[in-house]
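Engineer: fold the following, please.
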Amino acid sequence: MTAEEIDHGMAGDGAELLTPPTGQFIVGRYAGEPAACGGFSMLDDERAELTRVYVRPGFRGRGGARLLLTALEHHAHVLGAREMVLNTRLDLIEARSLYIRHGYLEIPAYCTGPYMEIWYGKRLTHSALFKGLPAASR
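Structural biologist: Just a heads-up that it's a prediction; the model follows:
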């Protein structure tokens, strides 16, 4: 697959919204190696949608996903979000467990589409954002 084919396949998928002021995309590294990624886009003035969260299998279980979610929530809060929402598939059990451990609660559907089977939301408060960050990052 060529770079042009990839660009064509991703055209219109919303990736262009994953940069400020409409969102953010983060790549997490472990010992300098890309280990995880995730992003969010602002749905409106106070609500952001978490998207494209992925931790490479060899890096799971090391706490990186928690740090990634905390960083994304922080950046969303900086852009004005007071709530983070997401949708996922029911079969992504590990991802769903991560979201629940990180304070997300099941909410009514806020959108529809393929692969959207369950929806979660979380209020973003200043104190909750700092709870997940290492002391040196605060």
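Engineer: same for the biggest helix by length in the chain, what does it pack against?
Structural biologist: Longest helix in the chain, counting residues (DSSP state H): helix 64-78. Under the contact criterion of 3 or more Cβ pairs under 8 Å, 6 or more residues apart in numbering; DSSP states H and E, helix 64-78 touches strand 23-30, strand 33-42, strand 47-55, strand 83-88, helix 93-101, helix 126-131. Where you see a C-beta, it was placed from the backbone N, CA and C, and this is true even at glycine.
Engineer: low-confidence regions, the protein specifically.
Structural biologist: Low-confidence segments of the chain, defined by pLDDT under 70: 1, 3, 5-13, 127-138.
Engineer: most centrally placed residue in it?
Structural biologist: Centroid check for the chain by Cα atoms, centre = their mean gives L50 as the closest residue, at 3.6 Å.
Engineer: OK, contacts around it?
Structural biologist: L50 is in contact with 38-40, 69, 72, 84-86, counting by Cβ atoms under 8 Å, 6 or more residues apart in numbering.
Engineer: cool, L79 as well?
Structural biologist: Here L79 is in contact with 20-21, 23-24, 42, 48 (Cβ under 8 Å, 6+ apart).
Engineer: mark which of those are buried, thanks.
Structural biologist: 23-24, 42, 48 (16 or more other Cβ atoms under 10 Å).
Engineer: and which of the contacts of L79 is nearest to T2?
Structural biologist: G23 (26.6 Å; Cβ to Cβ).
Engineer: what pairs with the closest residue to the closest one other than its chain neighbours across the strands?
Structural biologist: Leaving aside its sequence neighbours, G23 sits nearest to S41 (Cβ to Cβ, 6 or more residues apart in numbering; 3.7 Å). Beta-bridge pairing for S41 (DSSP bridges): G23, E49.
Engineer: so which bits of stretch 39-55 are buried?
Structural biologist: Neighbour-count burial for stretch 39-55 [16+ other Cβ under 10 Å]: 39-43, 47-51, 53, 55.
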